[in-house]
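A.B. asks: Here is a sequence with its predicted model. Questions after.
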Amino acid sequence: MVPLVSEEEAKVRIARRIAEEFDGVGHGLVINLGVGIPTLVADYIQKADVFIQAENGILGVGPLAVGERIDRQLINAGRQPVTETPGCSYFDSAASFGMIRGGHVDATVIGAFQVDQEANIANWIIPNGKQLGVGGAMDLITGARQVIIGMQHTTRDGKPKLVKRCTLPVTGFAEADLVVTELGLFAFQNGKLILREIAPEVTVEALTALTEAAFITAPGLKTMAA
Amino acid sequence: MGDRGKFRTVAEAIALIQPGSRIMVGGFGLAGYPEGLVEALAASGIGDLTIISNDLGSPGVGLGKLLTNGQIRALVGNYYNWNPEVGLAYSRGEIGVTLVPQGTFAEAIRAAGVGIPAFYTAASAGTELGKGKETKVFDGRTYVLERAIHADVALIKASRADDLGNLVYYKTARNFNPLMAMAAALTIAEVDESVPVGSLDPESVVTPHIFVDIMVRRV
């Protein structure tokens, strides 16, 4: 099936919308960005007073390093060479996860394979006998104060990723706070999934058909910027 | 011998490792792993090893070499998707793999080094990785009891050392190295540069020398 929004456009839209969440939220916000769409979020954050933490031991991740600035001993959690921002600091992995587990990280932005209507998240493994990795996903979603999921609305073959009940191994239970896809912005509030913003390409009916999870449409439903 | 202090050649250091040992190796991806020691361990052919590390490098690169050489019996770590040979070897039953969430992995190593046998964390509660582990509810939230992770040998990487073995690291090459330095019966540090005692700013020392047994210079 032909997607309503191209993959490239979807990724940019999701990253840009998540970045907006951080703009104007006071100062000194500490966020951790996962691999994939979440990494793109950094490109769209306008405020200079957001500090990006990477779990391999850096607070103050700057833009990706290119050319002569590449230093193989200065990387983010996705193994990409990065730069430092002024005021950057380094620490060991226990201190890094101490920040995360201790509630000192305001938000984590992660991708997911599935999120269900109980706010459970499946994002660490698709069992196929080949993948063997969990990384910091379980620590991040149980530790960060806010868990923001940036993911495409459906799988490549058009199946909903917002589901009734995760069928893939769960990373953490009732941890999701916000889900941003290219078709809508959903928030978990008092155990309910609320659609707050909808993309211009779809109606609520069309979105419902692409979403297995039950959701409530917010009274003041807004249109997402395309 | 005495005037070399803790410094040994790489060959002398590797000769201290027994087959069947549990070995911690610092590093995250290819940042901050002790390249010289890992190369020498791969060349030594010492086998039946349990490797405790964040990941296993890339296929045939870094720690990946130990797997390619068939020197590994088991792995304890958290992210092997960068080296698909791990998944293949595991699915063929050639190696054991224990996956531990990264934050739990770091804390379990720290705990081993500081005399704490176990601790509770919310990570993995109710998930496949938490299966079979004791849990306890504190203030309405479920936590998993995790045991400390010890090793026979730690192979770590530092940027600078003084002759006593006080260590300073470099940027994100620090990662698990200071934790592993504390958690093994024998800690071998590979250092890029060594300076006389008294030349490091005491405030800047990350790993005090009592945690370091042997040092090798990166050549």
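C.D. replies: Sure, I can see it.
A.B. asks: By mean pLDDT, flag the weakest helix or strand of chain B.
C.D. replies: When each helix and strand of chain B is scored by mean pLDDT, DSSP states H and E, helix B:84-91 comes last, with a mean of 95.
A.B. asks: just so I have it, where are all the strands in chain B?
C.D. replies: Per DSSP state E, chain B carries strands over the ranges B:22-25, B:49-52, B:72-77, B:96-99, B:118-121, B:135-138, B:141-147, B:151-162, B:167-168, B:184-195, B:214-217.
A.B. asks: Output the ones you listed as JSON lines; include the columns mean neighbour count, distance to residue A:51 and mean pLDDT.
C.D. replies: Any C-beta I mention is one placed from the backbone N, CA and C, and that applies to glycine too. Below are these laid out as JSON lines (neighbours: other C-beta atoms under 10 Å in any protein chain shown; distance: least, C-beta to C-beta, whole Å; pLDDT from 0 to 100):
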{"stretch": "strand B:22-25", "mean neighbour count": "26", "distance to residue A:51": "30", "mean pLDDT": "98"}
{"stretch": "strand B:49-52", "mean neighbour count": "24", "distance to residue A:51": "31", "mean pLDDT": "98"}
{"stretch": "strand B:72-77", "mean neighbour count": "21", "distance to residue A:51": "28", "mean pLDDT": "98"}
{"stretch": "strand B:96-99", "mean neighbour count": "16", "distance to residue A:51": "30", "mean pLDDT": "97"}
{"stretch": "strand B:118-121", "mean neighbour count": "16", "distance to residue A:51": "24", "mean pLDDT": "98"}
{"stretch": "strand B:135-138", "mean neighbour count": "11", "distance to residue A:51": "29", "mean pLDDT": "98"}
{"stretch": "strand B:141-147", "mean neighbour count": "17", "distance to residue A:51": "27", "mean pLDDT": "98"}
{"stretch": "strand B:151-162", "mean neighbour count": "25", "distance to residue A:51": "24", "mean pLDDT": "98"}
{"stretch": "strand B:167-168", "mean neighbour count": "24", "distance to residue A:51": "24", "mean pLDDT": "98"}
{"stretch": "strand B:184-195", "mean neighbour count": "20", "distance to residue A:51": "29", "mean pLDDT": "98"}
{"stretch": "strand B:214-217", "mean neighbour count": "21", "distance to residue A:51": "35", "mean pLDDT": "97"}
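A.B. asks: Let's have those in TSV, adding distance to chain A.
C.D. replies: Converted to TSV, the strands of chain B look like this (distance: least, C-beta to the nearest C-beta, whole Å):
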stretch	distance to chain A
strand B:22-25	12
strand B:49-52	13
strand B:72-77	9
strand B:96-99	5
strand B:118-121	7
strand B:135-138	13
strand B:141-147	9
strand B:151-162	8
strand B:167-168	11
strand B:184-195	10
strand B:214-217	17
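A.B. asks: Low-confidence regions, chain A specifically.
C.D. replies: For chain A, the stretches with pLDDT under 70 are A:1-2, A:47-48.
A.B. asks: where's the residue of it most remote from its centre relative to residue A:83, distance?
C.D. replies: Computed with C-alpha atoms, centre = their mean, the maximum C-alpha offset from the centroid of chain A is found at residue A:68, amounting to 30.1 Å. With distances taken as C-beta to C-beta, to the nearest Å, residue A:68 is found 11 Å from residue A:83.
A.B. asks: How about residue B:10?
C.D. replies: Computed as C-beta to C-beta, the residue B:10 to residue A:83 distance reads 33 Å.
A.B. asks: again with residue B:147
C.D. replies: Residue B:147 is 38 Å from residue A:83, where distance means C-beta to C-beta.
A.B. asks: again with residue B:15
C.D. replies: Using C-beta to C-beta, residue B:15 is found at 41 Å from residue A:83.
A.B. asks: of these two, who's got more company?
C.D. replies: Using other C-beta atoms under 10 Å in any protein chain shown, the more surrounded residue of residue B:15 and residue A:83 is residue A:83, with 16 against 13.
A.B. asks: wait, is the more buried one part of a helix?
C.D. replies: No - assessed by DSSP: H, G, I helix; E, B strand; the rest coil, residue A:83 does not belong to a helix; its assignment is strand.
A.B. asks: hang on, isn't it packed against residue A:65?
C.D. replies: Yes - between residue A:83 and residue A:65 there is a contact at 5.0 Å, judged by C-beta atoms under 8 Å.
A.B. asks: Spit out the residues that contact the two alike.
C.D. replies: Common contact partners of residue A:83 and residue A:65 (C-beta atoms under 8 Å, 6 or more residues apart in numbering or on different chains): residue A:74.
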